[in-house]
Structure formats: C-alpha cells, structure tokens
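1. dropping the sequence and predicted coords here.
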Amino acid sequence: MTETTNDRFQIHYYFEDNSHSMNAFVRNKAEKDLLEAVQQVGLVLEYKFSIETEAYKEGGLIETLLFVGLPTLHYLSPAINKILIHYFTKDANDKKLKELDIQIKEETLKKLQSENNQNKTQEILEDKQVIRHISNFYTKINHYEKVQKIGFRIVDDSNEEYVVDRKYFSNFILEENKEIIEDDNAVIEIISPILKEGKYKWKGIYNGEKIDFSMGDYTFKKEVIEGKHTFINGSFIECKLQTTIVYDDFGDEKRRSYSVKEVYSIQELPTEQLKLTKLGKKRQREKQQGSLFDFEKERDE
C-alpha cells in the first residue's frame, strides 16, 4: 500500500486598507484559475491528490490549501509546493524572487537527473496550461485594486513568504496577438439570417465549415429586417468577410470571430440570378473602369 502525506500551500492577499475581507466574486473567479493551475501541476508531476481548503486567517486574507494524499515518495521528486512557488513568482522583477527561481530550477533539474528523467524539466517548469491559468489568476486580481501584493508560502517547510507586488502582476499576464484576414470574394451559404434588430449572430457555411458571423453591412442588414430579401435553403451571399484570429503568447490560437463587412450580391433562390447590392454595383463599375484603364495603357504602350 502506498504511503501518503499532506502538504500545505498558503496564499496571502495584502490589501491597501486594514480590512480582512475581499470581494467574493473576484476571489472565487481568481481562485478557480489558481486551483486549476495547481491541478495541472499535479497532472504534469503525475501526482494523485485532492485539494482542500482550511479556514481563512486574517492579516489581509490568508488562505491555506491542503493537498491530501500526496505519495510519500514525492519528496524524492520535485516538490509540488516549490513548483507552484516557481510559477506564481517567476516573472516578478525582484532580485530575491529571481534568485529563488534559479534555485528551484536547479533543484528540479538535479532531482530529475538523479531519476534519469531530465527531459521532463521543461515540461514541468514551462507547462503552457499552467502558465495560462496563472495569467488568468493575475488578470482577475489585477483588476481588483484593493489587493496590493500577494504572498506565497510553503507551510511547515519554512516561515519565509515570497511576495509579489502589484507592480509585477502584469508581468504574468499573457498578451493577445491578433491576425486579421480579409476575403474580398467570400461566398457564404446562409443557414440562419437575423430578422430583428440587435447584436445577434448570423449562421452560415463558409469554405465547408459552419460559422457564426456578425453582419457589419448595415444597409444590407436594414434591408433584411425590412423584408426586402428572402432566404431559403440554398441562399447565399457574396461578400467581404473579415476573420479575426486571436493568439496567446505561445502562438496558439485562442479564438476566432467572423464579420461580414460588405455584401456585394445575394442569390435568394437557387434558380435565380445573382442580385447585386448597391455596393456590388459600385464594385462592378470600379472593376470595369480598372479593366478599361489597363486596356488603354497597354494600347498606348
């Protein structure tokens, strides 16, 4: 039977006043990400344990997490508490915390080498999912100005607390990078148009995929609401479609959204001809004028 042990990890919120309370919604939302970070570290370390919380203490607000059921042999591997200290403090530009992080990395590498498992170092110390949860945690706390700093402590290991000041919170928050792609000749089969005012999403099929998109051509949107266009199975529009893709710091896609900027034509019935919109007619004239200009230029040459 595998012997188990319990470990404690403490989170200490320091407030700008002398109170000992915190907005419940902020704390619950932030600590959901904190717990998910802890859980993910456990998965990376291949530890099976449950997480319990002890009664709150004053002094700002102190919460203690109890990790129940850790295998006793985890002391021969990177300790989960030290890995958590690494993730929650590593991006603070504080000399003491930087030195601590170097120490934790060296200790982790040494222990993994002794287990002939040094290839796992990067996986343990730079897990993308953990970093995302840490980013979400600091994002929520950063919006709550009452918290001036956060301390982290390994209970029963030492009385030393590692404190991250508010000015460093943003260092842990991942930035979003956006890419905008425009398709000026997009064809979207309409599944579900929106026939009323409001910020509702249309549904359609674009390049064989079902998408939800906003209708940014307000003239066309108004005509649809006024009943000037009929949609049945097989109806489609030709348009300028803008796709916005948001990436995280790792280059992984977080989400994408679609918006129709201009509608050029609509085929309401499969047997009917394309019906040009005002924008479509204007676009057609510009293309014809451009073709005529190119022809005259070639003739002069």
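-> Sure, I can see it.
2. now Val130. Nearest residue, chain neighbours left out?
-> Gln40 (4.8 Å; CB to CB, 6 or more residues apart in numbering). Glycine gets a C-beta too; all of them are placed from N, C-alpha and C.
3. that neighbour reaches Ile134, doesn't it?
-> No - using CB atoms under 8 Å, Gln40 makes no contact with Ile134, being 9.8 Å away.
4. the more surrounded of the two?
-> Comparing Gln40 with Ile134 by other CB atoms under 10 Å, the one with more neighbours is Ile134, at 24 against 19.
5. now Tyr13: which helix or strand?
-> Secondary structure assignment for Tyr13, by DSSP states H and E: strand 4-15.
6. neighbouring strands for that strand, and are they parallel or not?
-> With DSSP bridges as the test, strand 4-15 is paired with strand 61-71 (antiparallel), strand 147-155 (antiparallel).
7. distance from the chain centre to stretch 260-269, please.
-> 33 Å (CA atoms, centre = their mean, to the nearest Å).
8. report the backbone C-alpha coordinates of that stretch in CSV.
-> The C-alpha trace of stretch 260-269 is given here as CSV (Å, rounded to 0.1, in the frame of the first residue of the first chain):
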residue,chain,number,x,y,z
VAL,A,260,-19.2,40.5,-43.0
LYS,A,261,-18.1,44.0,-43.8
GLU,A,262,-19.8,44.4,-47.2
VAL,A,263,-22.4,42.4,-49.1
TYR,A,264,-22.0,42.5,-52.9
SER,A,265,-24.7,40.1,-54.1
ILE,A,266,-27.3,37.7,-52.9
GLN,A,267,-28.8,34.6,-54.5
GLU,A,268,-32.1,34.1,-52.7
LEU,A,269,-33.4,31.1,-54.8
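9. what lies in contact with it?
-> 182, 186, 188, 202, 213-217, 220, 229-232, 234-242, 273-277, 279-280, 283 (CB atoms under 8 Å, 6 or more residues apart in numbering).
10. now that stretch: mean pLDDT?
-> In this model, stretch 260-269 carries a mean pLDDT of 92.
11. ditto for stretch 19-31
-> Computed over stretch 19-31, the average pLDDT equals 91.
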